[in-house]
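Trainee: Next input, structure requested:
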Amino acid sequence: MFESLTEKLQSVSKKLTGRGRLSEANIQGALKQVRLALLEADVNYKVVKKLVENIRIRALGKDVLESLTPGQQVIKIVDEELTLLMGDTNQALKLAGRTPHSLMLIGLQGSGKTTTAAKLAKYLSKQGRHPYLVPADTYRPAAVDQLKILGAQIDIPVFPTDLTRNPEGICLDALSAAGREGADVLIIDTAGRLHVDEDLMAELMRIKEKVNPDEILLVADAMTGQDAVNVAKHFDEAIGITGIILSKMEGDARGGAALSIKAVTDKPIKFIGVGEKTDELEPFYPDRMASQILGMGDVLSFIEKAQVQFDEKEAIKLEKKLKKKEFDLEDFQAQLKRIKKIGSIEEILGMLPGMGQLKKLKQLKPNEKELVKVEAIINSMTKEEKRSYKLLKGSRKQRVAKGSGTTVQDVNRLLKNFTQTKKMIERFSGKGASSMASFFG
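Mentor: Numbers count the residues shown, from 1 in each chain. As a prediction, this is how the structure comes out:
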């Protein structure tokens with residue numbers, strides 16, 4: 001997402017920062033390009049008009065025009081205004097006071113509510129909470145079954161919904177059951193429709209009145225652009241939402257929803273879904289998103305993702321092996337798995353400052369399929385072979401290739417790459433081993 005917008009804004013940035021001094025005409029020309037880029041990204045035209053005007057007023061100020069680096073000052077203003085547009089700071093869930101708390105997820109059918117409910121449960125579980133999933137979509141038995149399956153996968157209890165009951169009755173029963181389950185947060189997955197209608201709104205209002213939820217979170221499909229913004233406005237006017245979760249942010253939509261929805265509804269984006277897996281839900285940080293849009297990376301998110309995979313005991317163990325120059329294929333495989341858990345190679349590169357400015361980034365990205373092949377080859381080796389790769393001679397290589405569905409040439413290529421990597425890593429032995437182990441661990 002934002003790839004086209006980022007490319008256009010970086011072009012504007014390059015022109016501005018390449019000039020020694022800026023005139024009002026230079027700035028007006030740049031703002032025209034910014035306006036067109038935002039409109040092409042499907043950002044609400046009223047939002048674009050106000051944003052560009054805010055930037056213009058600040059950019060034409062004395063502090064900018066008389067600055068030694070006016071171009072950089074203008075880009076800084078664009079970054080700040082984009083951040084303010086999306087909400088300034090991260091807005092956490094309101095989960096203070098008496099438990100159990102309740103979070104009511106609402107939205108249109110197909111927006112990803114059920115999957116998001118499971119993602120949110122897993123996220124809260126990692127925060128030390130004890131969530132309880134409540135299927136309240138009595139019109140789609142498949143949605144109830146889906147939530148039960150997802151709950152089992154992430155080891156989160158799911159309320160045994162009786163489809164003959166009305167949704168508000170189900171939610172009240174779930175509140176009573178939460179105490180017995182030792183739960184402190186109910187996550188209610190409500191029904192949706194293909195379009196906003198009166199029956200749906202009436203049902204959601206009955207649930208709201210009975211349960212009095214701490215948060216009413218709209219799950220909106222980021223792929224639908226301005227439609228998501230319009231849906232958010234309708235739900236907010238009819239029900240009163242407290243926050244938004246944008247699903248499918250990993251897609252190739254133009255990004256208009258993320259940039260418009262807060263300005264139109266005055267409700268914060270609290271989370272974004274960045275993939276289909278249950279651990280691919282992230283808190284939304286407007287400042288980090290603005291930096292990504294401008295191609296300046298998101299180092300803080302990268303560090304946070306890496307820290308989740310950090311294991312101090314494993315790092316110490318790896319440090320000892322590095323000092324003894326005993327780094328083997330088992331260690332190599334373990335680090336590949338850890339890197340994959342941080343995210344796709346494309347996602348990791350996108351978080352690093354400056355990488356978005358490389359026009360040939362797609363050609364620079366490692367082939368994800370090759371990483372899968374590497375893992376398959378190592379999985380086909382015995383423990384002894386992983387620990388002593390020099391055992392891999394002719395017949396053993398043929399066996400490994402056959403077992404992994406690859407060729408002997410693929411095995412040879414992996415061993416060559418591994419030995420080169422091993423040599424490079426072993427240069428960090430001694431004083432550098434600790435820092436290298438920390439990076440891998």
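Trainee: which residues in this protein form strands?
Mentor: Counting by DSSP state E, the chain has strands at residues 101-106, 131-135, 185-189, 215-221, 243-247, 269-273, 281-283.
Trainee: Let's have these in TSV, adding mean neighbour count.
Mentor: Placement of C-beta: from N, CA and C, glycine included. Converted to TSV, these look like this (neighbours: other CB atoms under 10 Å):
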stretch	mean neighbour count
strand 101-106	25
strand 131-135	28
strand 185-189	27
strand 215-221	25
strand 243-247	26
strand 269-273	24
strand 281-283	19
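Trainee: nearest to residue 201, of those strands?
Mentor: Closest to residue 201 of those is strand 101-106 (CB to CB; 9.5 Å).
Trainee: could you give the angle of the closest one to strand 215-221?
Mentor: 30 degrees (axes from the mean of the first three to the mean of the last three CA atoms, to 10 degrees).
Trainee: about what we covered before: export the strands of the chain as TSV, with columns for distance to residue 36.
Mentor: Formatted as TSV, those follow (distance: least, CB to CB, whole Å):
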stretch	distance to residue 36
strand 101-106	35
strand 131-135	44
strand 185-189	40
strand 215-221	25
strand 243-247	24
strand 269-273	24
strand 281-283	30
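Trainee: Mind listing what's buried along stretch 9-24?
Mentor: Going by neighbour count (16 or more other CB atoms under 10 Å), the buried part of stretch 9-24 is 9-10, 12-13, 16, 22.
Trainee: Excluding covalently adjacent residues, which one is nearest to residue 243?
Mentor: Leaving aside its chain neighbours, residue 243 sits nearest to residue 270 (4.1 Å; criterion: CB to CB, 6 or more residues apart in numbering).
Trainee: List the contacts of that neighbour.
Mentor: Residue 270 makes contact with 90-93, 217, 243-245, 283-284 under the criterion CB atoms under 8 Å, 6 or more residues apart in numbering.
Trainee: Which two among the buried residues of stretch 9-24 are spaced furthest apart?
Mentor: Pairwise distances across those (CB to CB) peak at 17.6 Å, for the pair 10 and 22.
Trainee: Residue 205 versus residue 198, what's the distance?
Mentor: Look at residue 198 and residue 205: by CB to CB, to the nearest Å, they are 10 Å apart.
Trainee: actually residue 188, sorry about that
Mentor: For residue 188, the distance to residue 205 equals 14 Å [CB to CB].
Trainee: Please apply the same query to residue 179.
Mentor: Residue 179 is 26 Å from residue 205, by CB to CB.
Trainee: Residue 129 too?
Mentor: Residue 129 is 27 Å from residue 205, where distance means CB to CB.
Trainee: The two: which has the busier surroundings?
Mentor: residue 129 (17 against 14; other CB atoms under 10 Å).
Trainee: quick one: contacts for the residue nearest to that one when sequence neighbours are not counted?
Mentor: The shortest distance from residue 129 to any non-neighbouring residue, by CB to CB, 6+ apart, is to residue 185 (5.2 Å). Neighbour list for residue 185: 95, 99-103, 124, 129-132 [criterion: CB under 8 Å, 6+ apart].
Trainee: What ranges in the protein fall below the confidence cut-off?
Mentor: Where the chain drops to pLDDT under 70, the residues are 1, 18-20, 65-68, 251-254, 295-319, 321-324, 338-368, 425-441.
Trainee: Could you list the domains of the protein?
Mentor: According to automatic domain parsing, the chain comprises the domains 3-86, 101-296, 310-440.
Trainee: quick one, which of those domains is packed in tightest?
Mentor: domain 101-296 (a mean of 20; mean count of other CB atoms under 10 Å).
Trainee: Please tell me how far that one is from the chain's geometric centre.
Mentor: Between the centre of domain 101-296 and the centre of its chain there are 16 Å (CA atoms, centre = their mean, to the nearest Å).
Trainee: Next one: residue 156 from residue 131, what distance?
Mentor: Per CB to CB, residue 156 is found 6 Å from residue 131.
Trainee: Who are the contact partners of the spatially most central residue of the chain?
Mentor: Nearest residue to the geometric centre of the chain (CA atoms, centre = their mean): residue 274, 3.7 Å. Neighbouring residues of residue 274 by CB under 8 Å, 6+ apart: 249-250, 280-282, 347.
Trainee: do residue 378 as well
Mentor: Residue 378 neighbours (CB under 8 Å, 6+ apart): 329, 332-333, 386, 414.
Trainee: ok, so of the residues you listed, who is nearest residue 224?
Mentor: Among the contacts of residue 378, residue 333 lies closest to residue 224 (CB to CB), at 40.3 Å.
Trainee: How much space separates the residue lying closest to the closest one once chain neighbours are set aside from residue 388?
Mentor: For residue 333, ignoring the flanking residues on the chain, the nearest one in space by CB to CB, 6+ apart is residue 378 at 4.6 Å. Using CB to CB, residue 378 is found at 13 Å from residue 388.
Trainee: Over to residue 14?
Mentor: Counting by CB to CB, the gap from residue 14 to residue 388 is 52 Å.
Trainee: ditto for residue 4
Mentor: The gap separating residue 4 from residue 388 is 50 Å, by CB to CB.
Trainee: Pretty sure residue 41 sits against residue 2.
Mentor: Yes: the pair residue 41 and residue 2 qualifies as a contact (CB atoms under 8 Å) at a distance of 7.3 Å.
Trainee: show me where the stretch 101-250 of the chain has helices.
Mentor: Assigned by DSSP state H, counting those that start in this stretch, the stretch 101-250 of the chain shows helices spanning 113-126, 141-154, 167-181, 198-211, 226-238.
Trainee: CA atoms of the third one as PDB?
Mentor: Think helix 167-181. The C-alpha coordinates for helix 167-181 follow below in PDB (Å, rounded to 0.1, in the frame of the first residue of the first chain):
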ATOM      1  CA  PRO A 167     -27.700 -11.600  19.500                       C
ATOM      2  CA  GLU A 168     -28.200  -9.300  22.500                       C
ATOM      3  CA  GLY A 169     -29.200 -12.300  24.600                       C
ATOM      4  CA  ILE A 170     -26.100 -14.200  23.500                       C
ATOM      5  CA  CYS A 171     -23.900 -11.200  24.500                       C
ATOM      6  CA  LEU A 172     -25.500 -11.000  27.900                       C
ATOM      7  CA  ASP A 173     -25.000 -14.700  28.500                       C
ATOM      8  CA  ALA A 174     -21.400 -14.300  27.400                       C
ATOM      9  CA  LEU A 175     -20.900 -11.600  29.900                       C
ATOM     10  CA  SER A 176     -22.100 -13.900  32.700                       C
ATOM     11  CA  ALA A 177     -19.900 -16.700  31.400                       C
ATOM     12  CA  ALA A 178     -16.800 -14.600  31.200                       C
ATOM     13  CA  GLY A 179     -16.300 -14.600  35.000                       C
ATOM     14  CA  ARG A 180     -16.500 -18.400  35.100                       C
ATOM     15  CA  GLU A 181     -13.900 -18.600  32.300                       C
END
